[in-house]
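[1] here you go, sequence then predicted model.
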Amino acid sequence: GGGSSADSEGGDLVEAAQKEGIVTWYVSIPDEPVQAVANAFEQEYGIAVEVVRMGSPVVAQRYSTERDAGQAVGDLVTIPEAHVLDEYIEKGWLRTLPADQLENLDEWPEEALHKDTYFLVNSQPIGVAYNTDKLSEAPQDWEDLLDPKLKGEIDMADPMSFLSWAAFLSILKEEYGEEFLEGLADNDIKKVDSAIPGTQQVAAGESIATFPSLPSVVNPLKESGAPVELVYLSPTTGVEQYTAVSEGSPHPNAALLFADFLMSEKGQIALNEGFGISPLGDLAGTLPKPEGYVAPDLATAREEQEQLNALLGF
Amino acid sequence: MQRPETVPLGAARPQRATRFSSFTLVSWVAAAVVVAFIVYPVGRAFIGELGMELPAVVEVLTSSRTLEVLRNAVVAVAAGGALAFLIGAVLAWINVRTDARMGWAAEALPLMPLFVPAIAGSIGWVFLATPEAGFLNYWLRKLLALVGVHLQTGPLDIFTWPGLVFVYALYLTPYAYLAISSGLQSLDPALEEAAQVSGCGPVQTLFRVTLPNLKPALGAAVLQLITIGFALFSVPVVIGTSAQIEVLPVSIVHAVTRKYPPDLITALSMSLVLITIVVVAWLVERRIVAKGRFARIGGRGARAALVTMGRWKLPARLFVLGYLGATSVLPFLALLLVSFQGFWTPQVDFGALTGDNYVDLWNRLSVRRGITNSLLLALMTATITTLLSALLAYLSYRRRSFLGRVVDGVIKVPAAISHIVVGIAFLVAFAGPPFRWNGTLLLLVTTYVVIFLPQASFYANSAIQQIGPEMREAAEVSGARDWRVFLRVILPLMAPSLVAGWSLLFILSAGEINASAMLAGPGSPVVGQAILDLWTSGTFPLLAALSVVITAVSTTVVLTVLALGGRPNSGNAP
Amino acid sequence: MTVTTHATSAQSSAEGQPRTGVDIVGLRKRFRAPDGTIVAAVDDVTLHMPKGDFCVLLGPSGCGKTTLLRCLAGLEHPDEGSITIDGQPVFGPGIRTVEPQDRPVGMVFQNYALWPNMTVADNVAFPLTTGPRKNRLPKEQIRARVDEVLKIMGLSSHGSRAIGQLSGGQQQRVALARAIVAGTDVVLFDEPLSNIDAKVREILRRELRAMQQDLGFTAVYVTHDQAEAMELADQITVMRAGKVMQTGSARDIYERPRNRYVAEFIGTANLIPVTSTGSEAHQVGTPIGPIRIADPGPDGPADTPRFVASRAHRWWIDTAERSGENVWSGEITNAVFAGSYTEYVVQLGETSVRVWADDNPELAPGRKVWVGVDPAACVVVLDHD
Amino acid sequence: MTVTTHATSAQSSAEGQPRTGVDIVGLRKRFRAPDGTIVAAVDDVTLHMPKGDFCVLLGPSGCGKTTLLRCLAGLEHPDEGSITIDGQPVFGPGIRTVEPQDRPVGMVFQNYALWPNMTVADNVAFPLTTGPRKNRLPKEQIRARVDEVLKIMGLSSHGSRAIGQLSGGQQQRVALARAIVAGTDVVLFDEPLSNIDAKVREILRRELRAMQQDLGFTAVYVTHDQAEAMELADQITVMRAGKVMQTGSARDIYERPRNRYVAEFIGTANLIPVTSTGSEAHQVGTPIGPIRIADPGPDGPADTPRFVASRAHRWWIDTAERSGENVWSGEITNAVFAGSYTEYVVQLGETSVRVWADDNPELAPGRKVWVGVDPAACVVVLDHD
Ligand SMILES: Nc1ncnc2c1ncn2[C@@H]1O[C@H](COP(=O)(O)OP(=O)(O)OP(=O)(O)O)[C@@H](O)[C@H]1O
Ligand SMILES: Nc1ncnc2c1ncn2[C@@H]1O[C@H](COP(=O)(O)OP(=O)(O)OP(=O)(O)O)[C@@H](O)[C@H]1O
Ligand SMILES: [Mg+2]
Ligand SMILES: [Mg+2]
């Protein structure tokens, strides 16, 4: 509860939030968009955003260890694992979003809000990054990756490293069957620790293509002139990030104000420009949903992760 | 505190003075606090998490995956360690005993490779030796093309078993070197000269006399290699993953960082394996040393003429320089080059080099604050750990008691536990009430101190063993009490070795990544976290730039401290 | 039990007036050697060292000299016995052991144990800067005292030097300065000269003796060098395997050794076994015939073997035939020129004697000679106590 | 420069037949001390050590004895000069320096440097198991040879012991066995006894000398102990600051020292400055009056100060008035009992002399006495060369 019950109308929220002066955000979205939205928020309200950015399981782990220890350091938490947030709700760690205090909650699409507590803020579509010097023509189809020409030339981020990768693979398995994954294994795909080294190696010409890859990884490379391009093949999915507000955190008002900002058009543009799909649809600079986009199911993916890994021969 | 009785006697025993000085009190309290800070969190993690789950533990321990990663770890550490041992021994011999030694290199060499954080150094080697895009490969291919050999890829490939073992060896060598060279320095050179006069050439002398008599130092080196090798994470995560080789410490870290809820059972069970290995190695080493028919430090003025290498002098020097190049210079240059590139590519366009990455780094608040925080932390950790280890070393040196040995044993335990597991254990134990240290620098410092205490105590113990007991006794007879003896005599005499140890700790804690990921708070970002962040979501040039900055900063700090801290080996009795 | 012993020691100090100097009663210290055997390093030692005397502990390596000295300093904890320094009991049954830092002793270590991290002046000042703060002298007084001591030692201009910049002799003086600066009455020395050149050692020895006499402290000096002991000592204590063999002045020990061990350890002695007590009081029977002696020797169990001990330099050697008491003829088997004398080994039947005489080219190995010894130089010693 | 030296040395070896033993010509070795100054540890040393002789290098600490020995062993690389061992040049201009392992020398190190990881037999066998495999003796012959050497050394039953289980004396014998097992003709010793007890040292010294004579090797023995040098040596070389001061037999050096330094270093000498050459050939003027001398002393620059050197034990002391040549009266200022003699310091005007005489209780400090010295014991020495 804390001081959250004390305040009421919208104007007061800003004032109360500004009195708190700071908001702490545990987040696993890449650094650049996170900094963009944090800066935008600070410019708008003069409230600093303290960002704790880590891989999503680490965020989840820290958040829950702290809560178990009776603390709530993070005012907001953003991770892709919706099932984890469900678990947090059951433990009473998250706060139901108060409709009367969040101006933008009304406009927010219903399918992007879950249990009135956590909401989708950003989705990065998954694609294939390839080296344009080494591959003159972009792959058209997932099955192009089975081309013997690419044997030993494809990097793949470790599916055990990230649940979203498993969710993505499970969609491919659904579509093409297990043989497809086994075919990839036969084509000598190489495992890399994460999407970063994979894509960096593609840019350097070490490999021809890598997947799954994300706009946040490919964009900075492209900007520096690397011969690398990201294509989205159908079907695909994305890394969907959900944000929730903590119950009993140190800055309840700033947390609400920031959640509200994330739902605003301005916030969405700041967060998604060039990187992600906004739940509000096509806003200036945000990415459109690629053809064949399917929402990921992380809970199922968790069950299949080991099996998918085995199919790929890792 | 009573010394074990020598002989029971019938007569009335004179009373042993039992006055508790403030020094004894403080040092035992310090020892107790240290032990508590190790036993409580570690015990809580292991007993709390594993106590109820024995069947699960057994299952993890017997699963084929555990066995495989364990086998991989054993192979990597055995092969890399053996290589490191060999290189370290040869380097130590060249630098301590031959005329091929290079003054400055002899002192700076042991620390050099550690100046580049292990994760950055490994990435540096990725830049250098990936089969297609590696700089070395690219240039080698160009060279080979000149002589008519045309290759598409290679000739080197870092993502292989040999590549992995190679980088393991590079990073383990300093530890072997440090232990062996300090042993060599205290081995009476007359033993080797006697062999020479008996008709032995230099190489034969090395194998027939020097090495057999160095067994205690070699044992210490092996022990260090085993402990540090099995805890090494950065090298296998960068190189092993792409080589499809997963090793135990990486599995432990992954078990807690890649899943939610974290698989603590797996992580802790695997840690148990490592602890067992280290404890067994420690016991074996103690037995070997205890048996010992080894040379002790020689009589007065043990001053040797350096072995004349003759025509082997140049090759020996090249070997030393080659090692420096491989561990420090080459990867650092690769990192430096990439840090000025827009993206990592072997086709260096010197016109397009840019300082943007540094600007970008500077603009990241968390990086900027991380660097200052890390420096502060490293300063505190290195200082506290060094002083603490000096105090504890003095305690067990002064009073050879059972309790002292227990303390000595306990502070070695964290060396065997993955840093991230220690991090979690500390988070579980101290984040909540009554401590509520979550997110504070205090929590980080405490954890670092525990993590690095084993290394520090290695230095402190070897430093104190070089001080003759009469230095302390002279102070006591002069009327000095414990504090004065320690502060005015023992500590200053240990200083040269402690300074070297301090430098090592400074570097290691400035670049620590795993425990930091668990413990660094929103208000206290550290460099390690920033590195890990760039590794999981960033670009290699940025990562390279950060590594260059860290390397430059730590090198500056360490060299300054070494320059101010005086030269080693001036602490002996006149 | 404790009470009894306590009472005894109280008694003994009640009987006489409190003795100055160092008083050791029934001291024992045992060690367990690495192989498990027990070594009695100090074995029931009772010894008085008078105040202001130069007392030397002499004995071969491993006989317990260092251990005894360290017990005095408080660096070792004896198993039994008591120690009183200038009337103050520092160790004993029923007494709370006084720690090294509280004993009124200074110590000069074998290799001086000067602290290389401090200057000469700091080394010397150190003992004045210890102890409870409120008892310490003010800074200026410390400085003055250090200057004074350095001046006595002839080191006035060396105060700010580093230890490494001093010669061995200067280092010794710094060590001595440190040991006496606090005005302690007893100074312990553990073979302070054993690392030094013979020639330099001789000079330092004289210097040390002169300073001890000037300053008047009680010196307890450990050595295994007989020449050193003879030159320095007011009182020599010869030790063997933890036990005191004999205590006395240099002359006592040299001329009236108590037993064979002392006779052999100090100087070069000819020992001729006594086979019968002889017909006259001042004569004993030996394998080379009767020998006239000055002193029938110490008492001792009748069945303990005895020897006639005589110093090699108290013998004469001659190529001309001589006769009389204590005269024998024999053959030279070896002659070694030793500078101030030449050592001749002369075979007398089964027995060989060593004779120190002026060098004489006629006395070559193989030569038949007459040798003899002054009865005044012959004493009877026990094989062992 | 080098060429000239080369020519000279070639000449000298061309002139005589190749000399056996050790021949050192114009040897120099300089070190840069840690503070940057240059120390000439061996400074133009020319020296011949005849085959089969026991040659001792004697001098104070730091005079370059060890360095010279190590140059012989090949453990140091000299800067200049040449070394020939038993006719084989091992170092010199235009010669490829022979490495230690190929020189025909054995060496006994100061603390023996036995290898604690090997048994006694393995230590001794070691020199036979080095070198190219094809030149090595077969295993049984090695064993036989080791057994033989151990037997000579009286260590037959100790072959399988660990080094740590031997006494100091046994260790010395093992070290010696190792040095001679390969049949080398030259054995080098670097102060092998300096860590040992005086009494044990004396015994080991005799043993060593006896073995050297039995086995007939050339011994080069470094020490700073005069007594040791006198007892052992066929030839003594006195060194000072890297230079040879004098070479000769013990008697030569003791009785005919070349210069003040040698006179003072060996034994206790009274040095009385020569003020005028005196009216007669065998007489010189001194502050205490004319002294009759045996030997006008070595030549040397006329302006070099000279002294009359005489040994303390060649003086007599008497309470009764005496007169004649070389007789003075004075007052005893100090008397120290030293066992075989007592040292009396007697003041003669400004000059004081030390007299070693038998102990005499009448001769106490303050007493007026007459002293004198045999002219045959007086030699003139130079202040320096
Ligand atoms: N700490 C110890 N543990 C076991 N034995 C010891 C210890 N200290 C001394 N000893 C033994 O006690 C005996 C006496 O030793 P101590 O050092 O007193 O002899 P020392 O007369 O001083 O000999 P040195 O002339 O060689 O110095 C020796 O046998 C020694 O081995
Ligand atoms: N490696 C070296 N570096 C610098 N100086 C050296 C070195 N070796 C010897 N010296 C110097 O050369 C001189 C002669 O040394 P050396 O060891 O030969 O003397 P020594 O006569 O054997 O003395 P000691 O009796 O002390 O053993 C000394 O002044 C010494 O300091
Ligand atoms: Mg001793
Ligand atoms: Mg020497």
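    That came in fine, so what should we check first? Ligands and ions are numbered 1, 2, ... in the order given.
[2] residues near the residue of the stretch 201-350 of chain C found nearest ligand 1, how many?
    In the stretch 201-350 of chain C, the residue that lies nearest ligand 1 is residue C:224 (5.0 Å; Cβ to the nearest ligand atom). Heads up, the C-betas are built off the backbone N, CA and C, glycines and all. Using other Cβ atoms under 10 Å in any protein chain shown, residue C:224 has 23 neighbouring residues.
[3] what residues are up against it?
    By Cβ atoms under 8 Å, 6 or more residues apart in numbering or on different chains, residue C:224 lies in contact with C:58, C:59, C:60, C:61, C:65, C:191, C:194, D:197, D:198.
[4] is it true that the fourth one lies in a helix?
    No: counting by DSSP: H, G, I helix; E, B strand; the rest coil, residue C:61 is not part of a helix but coil.
[5] which one is it nearest to, not counting chain neighbours?
    residue D:197 (4.8 Å; Cβ to Cβ, 6 or more residues apart in numbering or on different chains).
[6] same question, the third one
    Using Cβ to Cβ, 6+ apart and skipping the chain neighbours, the partner closest in space to residue C:60 is residue D:197 (5.2 Å).
[7] returning to what we had before: and which of the contacts of residue C:224 is nearest residue B:524?
    Residue B:524 lies nearest to residue C:191 out of the contacts of residue C:224, by Cβ to Cβ, at 58.1 Å.
[8] need the contact list for that closest one.
    Taking Cβ under 8 Å, 6+ apart, we find residue C:191 in contact with C:66, C:110, C:222, C:223, C:224.
[9] and the first one, helix, strand or coil?
    Read it as residue C:66. helix.
[10] what's the spacing between it and residue A:123?
    82 Å (Cβ to Cβ, to the nearest Å).
[11] same question for the last one.
    Noted for residue C:224: a distance of 90 Å to residue A:123, by Cβ to Cβ.
[12] can you check residue B:283 too?
    As judged by Cβ to Cβ, residue B:283 and residue A:123 stand 55 Å apart.
[13] can you map out the helices along the chain?
    Using chain A. Using DSSP state H, the helices found in chain A span residues A:10-20, A:31-45, A:56-68, A:82-90, A:163-176, A:178-186, A:195-204, A:215-223, A:252-263, A:265-272, A:298-311.
[14] switch to chain C, that's the one I care about
    Assigned by DSSP H, chain C shows helices spanning C:2-15, C:65-73, C:120-125, C:139-152, C:168-180, C:198-215, C:226-232, C:250-255, C:260-265.
[15] burial count for residue C:60?
    Residues contacting residue C:60 under the criterion other Cβ under 10 Å number 17.
[16] and the pLDDT at it?
    In this model, residue C:60 is scored at 84, pLDDT.
[17] nearest residue to whichever residue of the stretch 1-150 of chain A sits closest to chain D other than its sequence neighbours?
    Closest to chain D within the stretch 1-150 of chain A is residue A:58: 51.6 Å, counting by Cβ to the nearest Cβ. Residue nearest to residue A:58 in three dimensions, not counting chain neighbours: residue B:257, with 5.3 Å by Cβ to Cβ, 6+ apart.
[18] let me see the contact set for the one you found.
    Counted by Cβ under 8 Å, 6+ apart, residue B:257 has contacts A:55, A:57, A:58, A:61, B:420, B:517.
[19] ligand 2 next: which of these are close?
    When contact is defined as Cβ under 6 Å from any ligand atom, the contacts of residue B:257 do not meet ligand 2 at all.
[20] around ligand 1, pick out the residues from chain C.
    Checking chain C against ligand 1 by Cβ under 6 Å from any ligand atom, the hits are C:31, C:33, C:39, C:41, C:59, C:61-67, C:224.
[21] residue C:66 and residue A:123: which has the busier surroundings?
    For residue C:66 versus residue A:123, neighbours defined as other Cβ under 10 Å are more numerous around residue A:123 (25 against 19).
[22] select, out of the helices of chain C, the one closest to residue B:531.
    Comparing the helices of chain C by Cβ to Cβ, helix C:120-125 comes nearest, at 46.1 Å.
[23] the closest one vs chain B: in contact?
    No: Helix C:120-125 lies out of reach of chain B by Cβ under 8 Å from any Cβ of the partner chain, never closer than 8.9 Å.
[24] now that helix: average pLDDT?
    Mean predicted confidence for helix C:120-125 is 90.
[25] which residues sit in contact with residue C:126?
    By Cβ under 8 Å, 6+ apart, the contact set of residue C:126 is B:475, B:478, B:480, B:488, C:115, C:118, C:178.
[26] need the max-distance pair from the residues you listed.
    Distance extremes for those: the farthest pair is B:488 and C:178 at 13.2 Å, using Cβ to Cβ.
[27] of the two, which one has the most company?
    residue C:178 (29 against 19).
[28] the host helix or strand of residue B:255: what's the following helix or strand?
    Residue B:255 is located in helix B:248-257, with elements delineated by DSSP states H and E. Downstream of helix B:248-257, the first helix or strand assigned by DSSP H and E is helix B:264-291.
[29] buried ones in that next one?
    For helix B:264-291, burial by neighbour count (16 or more other Cβ atoms under 10 Å in any protein chain shown) applies to B:264-275, B:277-278, B:281-282, B:285.
[30] also stretch A:86-98?
    A:87, A:88, A:89, A:93, A:94, A:95, A:97, A:98.
[31] what residues does the stretch 101-250 of chain B have near chain D?
    Neighbours of chain D within the stretch 101-250 of chain B, by Cβ under 8 Å from any Cβ: B:188, B:190-191, B:193-201, B:204, B:208-209, B:212-213, B:215.
[32] count the residues that sit near the spatially closest residue to residue B:340 that is not a sequence neighbour.
    Among residues not flanking residue B:340 along the chain, residue B:353 sits closest, at 4.1 Å (Cβ to Cβ, 6+ apart). Look at residue B:353: counted by other Cβ under 10 Å, it has 13 neighbours.
[33] then residue B:404?
    Around residue B:404 there are 18 residues (other Cβ under 10 Å).
[34] helix or strand: which one has it?
    helix B:402-410.
[35] one step back: relative to residue B:339, which of the helices of chain A is closest?
    Proximity to residue B:339 (Cβ to Cβ) singles out helix A:195-204 among these, at 13.3 Å.
[36] pick the most deeply packed of the helices of chain A.
    Most buried of the helices of chain A by mean neighbour count (mean count of other Cβ atoms under 10 Å in any protein chain shown) is helix A:195-204; its value is a mean of 28.
[37] now the helices of chain A in a markdown table, with mean pLDDT?
    As requested, the helices of chain A are exported to a markdown table (pLDDT from 0 to 100):
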| stretch | mean pLDDT |
| --- | --- |
| helix A:10-20 | 83 |
| helix A:31-45 | 89 |
| helix A:56-68 | 82 |
| helix A:82-90 | 89 |
| helix A:163-176 | 86 |
| helix A:178-186 | 85 |
| helix A:195-204 | 83 |
| helix A:215-223 | 84 |
| helix A:252-263 | 91 |
| helix A:265-272 | 89 |
| helix A:298-311 | 84 |
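[38] near chain A, which residues of the stretch 101-250 of chain B?
    Counting by Cβ under 8 Å from any Cβ, the stretch 101-250 of chain B sits next to chain A at B:126, B:130, B:131, B:132, B:133, B:134, B:159, B:237, B:238, B:241, B:242, B:244.
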